[in-house]
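A.B. asks: I would like the atomic coordinates for the input below:
(one chain, ligands or ions: 1)
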Amino acid sequence: MDIKKLVKPNVRSLKAYKAEDIPCKVKLDANESPYGFRVLENINTNRYPDPEAKELRGLVAKSLKVRTENVLHGNGSDELIYNLIATFGGPVVYPTPTFSMYGIISQALGEKYTGLSLDDTFDLDMDGMNKQMQRLKPKMIFLSSPNNPTGNSYSADRILHIIKRSKGIVVVDEAYQQFSTKKSFVPLLKRYKNLVVLRTLSKVGLAGLRTGFMIAHKDIVNEVNKVRLPFNLNSLSQKVAINALKENRKLKERINSIISERKRLFKELAKMDSVRPFPSDANFILFQVKTADKCYRGLLKRGVLVRNMKGIAGGCLRVTVGTPAENNTFIKNLKQLL
Ligand code: PMP
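C.D. replies: Okay, the predicted model is just below:
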């Protein structure tokens with residue numbers, strides 16, 4: 001597959017902005033101030049951040065067993081979705097309900113986009129997908145797996161079929177992968193050049209940093225890098241993310257505690273008569289409840305904020321897994337309301 005041919009002509013002819021990193025004693029080349037603030041050790045606020053986020057990308061690459069050249073950094077994975085659509089354009093296809101930004105960004109960039117309903121088990125509807133692939137010849141397909149807001153992962157064989165069949169880019173958005181027991185698609189990048197995997201640190205305690213990553217063939221990384229703004233990831237975010245990734249054990253412990261709380265929360269919800277929770281591989285649970293709107297408002301009145309999925313997954317609420325105490329408060333209040 002020739003990635004260049006898939007790229008929008010305006011991006012194809014672009015050259016990536018190159019912020020050169022030339023070692024020197026007196027740095028007077030970038031219109032920075034000589035006076036900085038010491039926020040964290042080794043961070044000079046007066047200097048621009050590393051435009052290529054080399055150390056951070058290196059750590060991510062190592063943890064995923066890929067090369068640094070296969071990783072691109074984003075100001076959250078949101079930004080990478082934006083940059084990907086800016087690079088390849090539409091038609092964009094994705095199953096629904098799913099993460100709303102695929103549609104919002106497509107529309108903002110003036111690209112065609114089509115949502116296609118998931119099947120009854122929230123898995124990919126392959127008849128529909130095959131038809132859309134034939135009819136629309138999508139340049140991009142976005143598959144959030146585990147999916148937000150349904151929580152489940154799509155069947156791996158269905159995702160694989162789409163990757164093999166698609167003549168465009170297939171993005172597997174693994175924002176919630178760390179909470180799942182299903183296999184990541186990262187190892188398949190070696191075999192499929194049109195595959196892109198998205199990851200983020202937002203769900204593991206670092207949402208405030210806005211650090212997301214795209215893992216892909218270097219031809220894709222090079223093209224998307226052309227539309228990336230030069231200093232998209234600030235110095236503080238880079239530094240804190242580097243420290244967090246080096247303290248991998250702590251991250252893992254926290255992920256495990258969310259997973260065990262998710263299991264407990266699921267059991268508690270399943271015990272309630274009028275509630276139907278859907279199995280989740282993510283850090284949230286979607287559940288159907290007869291009086292969804294009323295429950296949403298009632299919970300809010302008691303200080304517990306969940307997501308009302310009205311208009312997206314009718315009659316459902318989505319609850320994020322919190323600390324054991326937060327989860328207890330949620331369960332106690334929902335029980336009272338019902
Ligand atoms: N993909 C999915 C499926 C998500 O649910 C989210 C966050 N809601 C994102 C991407 C964006 O994450 P980030 O904070 O890295 O921009």
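A.B. asks: from now on I want contacts and neighbour counts done on CA atoms only, so please keep to that.
C.D. replies: Fine.
A.B. asks: from residue 146, how far off is residue 310?
C.D. replies: Noted for residue 310: a distance of 20 Å to residue 146, by Cα to Cα, to the nearest Å.
A.B. asks: which one of the two has more residues nearby?
C.D. replies: Using other Cα atoms under 10 Å as the criterion, residue 310 and residue 146 rank with residue 146 on top: 26 against 12.
A.B. asks: burial count for the nearest residue to the more buried one once chain neighbours are set aside?
C.D. replies: The shortest distance from residue 146 to any non-neighbouring residue, by Cα to Cα, 6 or more residues apart in numbering, is to residue 153 (4.0 Å). Residues near residue 153, counting by other Cα under 10 Å, number 27.
A.B. asks: equivalent analysis for the one 5 residues further on, please.
C.D. replies: Counted with other Cα under 10 Å, the neighbours of residue 158 add up to 15.
A.B. asks: over to residue 256?
C.D. replies: For residue 256, the count of nearby residues is 14 (other Cα under 10 Å).
A.B. asks: what helix or strand is it on?
C.D. replies: helix 248-271 (DSSP states H and E).
A.B. asks: can you map out the strands along the stretch 51-200 of the chain?
C.D. replies: For the stretch 51-200 of the chain, the strands defined by DSSP state E, counting those that start in this stretch occupy 71-75, 92-96, 113-117, 140-144, 169-173, 195-200.
A.B. asks: what pairs with the fourth one, parallel or antiparallel?
C.D. replies: It refers to strand 140-144. strand 92-96 (parallel), strand 169-173 (parallel) (DSSP bridges).
A.B. asks: so how far is the first one from its chain's centroid?
C.D. replies: Averaged C-alpha coordinates place strand 92-96 at 15 Å from its chain's average position (Cα atoms, centre = their mean, to the nearest Å).
A.B. asks: ok, and does that strand reach over to the ligand?
C.D. replies: No. Judged by Cα under 6 Å from any ligand atom, strand 92-96 stays clear of the ligand, getting no closer than 11.6 Å.
A.B. asks: just the angle between that strand and strand 113-117, please?
C.D. replies: Using axes from the mean of the first three to the mean of the last three Cα atoms, to 10 degrees, the direction of strand 92-96 lies 30 degrees away from that of strand 113-117.
A.B. asks: so can I have a markdown table of the strands of the stretch 51-200 of the chain showing distance to residue 8 and mean pLDDT?
C.D. replies: As requested, the strands of the stretch 51-200 of the chain are arranged in a markdown table below (distance: least, Cα to Cα, whole Å; pLDDT from 0 to 100):
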| stretch | distance to residue 8 | mean pLDDT |
| --- | --- | --- |
| strand 71-75 | 19 | 98 |
| strand 92-96 | 13 | 98 |
| strand 113-117 | 16 | 97 |
| strand 140-144 | 12 | 98 |
| strand 169-173 | 13 | 98 |
| strand 195-200 | 17 | 98 |
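A.B. asks: mind putting those in a markdown table, mean neighbour count included?
C.D. replies: A markdown table is the format used below for these (neighbours: other Cα atoms under 10 Å):
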| stretch | mean neighbour count |
| --- | --- |
| strand 71-75 | 26 |
| strand 92-96 | 25 |
| strand 113-117 | 17 |
| strand 140-144 | 25 |
| strand 169-173 | 25 |
| strand 195-200 | 25 |
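A.B. asks: quick one: the residue nearest to residue 146 and residue 278 touch, right?
C.D. replies: No. Using Cα atoms under 8 Å, residue 153 is not in contact with residue 278, being 11.7 Å away.
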